[in-house]
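structure for the following, please:
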Amino acid sequence: MRPAAVLVLALLAGPLASAADREEGRRPVLKLRATPGVSFAPANVLLIAELVGGDTVEEFYCPEVVWDFDDGRRSTSQSECEPFGGDSSLERRFLVRQSYAHPGEYRPTITLRRADGVVARAAVTVLVPSSSASGGAFAASNR
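Presented below is the predicted three-dimensional model:
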């Protein structure tokens, strides 16, 4: 009889937990894309990160933005923002241009941070092929 009671409690707790999550607000999802995703060196790439969906939740408001380009270079920035309030809106798009001088497969990442730590992270693959002497065929370089 006790296992059945535990099962009933578990079934009741599931919907209550998700209702509580809904009351706190849905978190946006961070997505990253590279344009172009494949280019010969020197490859000039536009990295576009977007917060998609979700509510305006404070943890995503005015984050520190850290770009790691996977070639030894990093960039960090943070905007000056008013204190979070009812009329606050999230910055939802983050752009940066990056140039890759050498052939290889790169995995640039963007990390959104707040004082508490990492809020969101996204990555994308950028391929910078080398051209071979025989007809310019692609040859991906493993780093």
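
any weak-confidence spans in this structure?
Across the chain, residues meeting the criterion (pLDDT under 70) sit at 1-25, 132-143.

now what about the longest strand along it, what contacts it?
Counting by DSSP state E, the longest strand found in the chain is strand 43-52. With contact meaning CB atoms under 8 Å, 6 or more residues apart in numbering, strand 43-52 is reached by 28-36, 39, 60, 67, 90-100, 108, 110, 120, 122, 124, 126, 128. Heads up, the C-betas are built off the backbone N, CA and C, glycines and all.

list the beta-bridge partners for the most centrally placed residue in the chain.
Nearest residue to the geometric centre of the chain (CA atoms, centre = their mean): residue 122, 2.5 Å. Listed by DSSP bridges, the beta-bridge partners for residue 122 are residue 110.

wait, doesn't it sit right on residue 34?
No - counting by CB atoms under 8 Å, residue 122 sits too far from residue 34 to count as a contact (11.1 Å).

only alpha carbons, please: show the longest strand of the chain as CSV.
C-alpha atoms of strand 43-52 as CSV (Å, rounded to 0.1, in the frame of the first residue of the first chain):
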residue,chain,number,x,y,z
ALA,A,43,38.0,34.1,-43.1
ASN,A,44,35.9,37.1,-42.0
VAL,A,45,33.0,35.7,-40.0
LEU,A,46,30.1,37.4,-38.4
LEU,A,47,29.0,35.7,-35.1
ILE,A,48,25.4,36.3,-34.2
ALA,A,49,24.0,35.3,-30.8
GLU,A,50,20.4,35.6,-30.0
LEU,A,51,18.3,35.1,-26.9
VAL,A,52,15.2,33.3,-28.3
